[in-house]
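S.K.: attaching a predicted model along with its sequence, questions to come.
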Amino acid sequence: ARWRYRCEGCNKSVSLYEDESLDESACLPDVLERMQETTTLLSYRQGEKFLERWGVNTSKSQLHALSQHLETTQQAAVRQHLESEAGQPLAHSQDKGKRYIIEVDGVLVPTLTDTGQCEWRELKVAVLYPMRNPYKRWYCCHLGTAGEFAPLVHGLLRHVGLTQADKLIGISDGALWIAELMGDLGVHRHILDVFHASSYLETLMLALGWDEALRTHTRQNLLRGNLDVQRWLNALSPTERTTLTDEAQKALRYLEKQAALDHTTYPKFRHEGIEVIGSGQIEGANKAVFSQRLKLSGARWLPNAANAKALARAEYYATQPIADFHQIR
């Protein structure tokens, strides 16, 4: 097909040749890509106004329909690729191997039930990056069960190119489903996010009546990786333990469980050369990549639409998308 356009600014005529079989959007590829980027980053109403200023006249409903087609296709392509990769063994390598960090967490998304009621469902998220290069990130997400999410994470490891010589360091808040996933992935070390640990430790110190200066000093030692939680807990006397409030008792049991699993030996992690003990990357992803778009004021999502939109955001912010845009269109 031959497309002919005339620039309003310089009155220059431009001819383009496209294969009609590529897509049915009636948009040039550059325009289509700009529209997809806009609906990934902005609400449909904001996208309509932004594109109008750029010279593309469209409506909110048209943007919604277009993004649904693109994102559904993108989701199917990415999921198929990751699930096929999940069944492959990790490659052999003669090199010493690198260290990769995988942080896993969940973020609640407002979804609609069959009866039209709002239900908050957990979007499971993983972010993977080399320990020495945290800006080189890949994302994986799924609004569903942990069993559905696990193959996608396995596939992501293989897509990125992890080898049997590489060491995978897992960081999380200690949730049961994440602990099971970390065990399934065979992580070299599973670390309790030091910021979560400090929150529980703060609850204990307040219940023990420690003053602010001592609490601050202890908390800073923990955040720097200088405090072994198990040793700190062992120093508590039986009298101190019996005087704790119910909330502090829960914090104590939680930290004891994590310490028994060797998830809180932060000085040991530092001695091994592990430079990341906090979940800053996944917390930032939950806010900037997913919540910023999926939790707009008044937003309510059908589960499939939320899943597709979340994946589109993950692909956009990843170092390199799994599915190329021109393949999707």
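M.R.: Thanks, I have the structure now. Everything numeric here is computed off the predicted structure, so don't read it as measured data.
S.K.: doesn't residue 153 fall inside a helix?
M.R.: Yes: according to DSSP: H, G, I helix; E, B strand; the rest coil, residue 153 belongs to a helix.
S.K.: just give the number of residues close to it.
M.R.: Residue 153 has 23 neighbours, counted by other C-beta atoms under 10 Å. To be clear about C-beta, it is placed using only N, CA and C from the backbone, and glycine gets the same treatment.
S.K.: same question for residue 238.
M.R.: Around residue 238 there are 7 residues (other C-beta under 10 Å).
S.K.: buried ones in whichever strand or helix holds residue 105?
M.R.: Residue 105 is part of strand 99-112 when elements are defined by DSSP states H and E. The neighbour-count check on strand 99-112 (16 or more other C-beta atoms under 10 Å) flags 99-107, 109-111 as buried.
S.K.: ok, stretch 303-310 next?
M.R.: Neighbour-count burial for stretch 303-310, counted by 16+ other C-beta under 10 Å, picks out 305-310.
S.K.: buried ones in stretch 118-127?
M.R.: So, applying 16+ other C-beta under 10 Å, buried residues of stretch 118-127: 121-127.
S.K.: other residues contacting it?
M.R.: Contacts with stretch 118-127, where a contact means C-beta atoms under 8 Å, 6 or more residues apart in numbering, come from 102-113, 137-144, 146, 149, 153, 156, 177, 281-282, 285-286, 290, 294, 300, 303, 306-307, 310, 314.
S.K.: show me where the stretch 1-150 of the chain has strands.
M.R.: For the stretch 1-150 of the chain, the strands defined by DSSP state E, counting those that start in this stretch cover 2-6, 13-17, 99-112, 118-130, 138-143.
S.K.: now the longest one against strand 118-130, angle please.
M.R.: The directions of strand 99-112 and strand 118-130 differ by 170 degrees, with axes from the mean of the first three to the mean of the last three C-alpha atoms, to 10 degrees as the criterion.
S.K.: just checking, what packs against strand 99-112?
M.R.: Judged by 3 or more C-beta pairs under 8 Å, 6 or more residues apart in numbering; DSSP states H and E, strand 99-112 is in contact with strand 118-130, helix 146-160, strand 167-172, helix 176-185, helix 280-284, helix 292-294, helix 303-317.
S.K.: state the mean pLDDT of the last one.
M.R.: Read it as helix 303-317. Average pLDDT, helix 303-317: 96.
S.K.: now the element after it, going C-ward?
M.R.: On the C-terminal side of helix 303-317, the closest following helix or strand by DSSP H and E is helix 325-328.
S.K.: in that following helix, which residues are buried?
M.R.: Buried residues in helix 325-328, counted by 16+ other C-beta under 10 Å: 325, 328.
S.K.: ok, residues contacting it?
M.R.: Helix 325-328 is contacted from outside by 29, 33, 36, 70, 73-74, 77, using C-beta under 8 Å, 6+ apart.
S.K.: what's the closest of the residues you listed to residue 247?
M.R.: Residue 247 lies nearest to residue 74 out of these, by C-beta to C-beta, at 44.4 Å.
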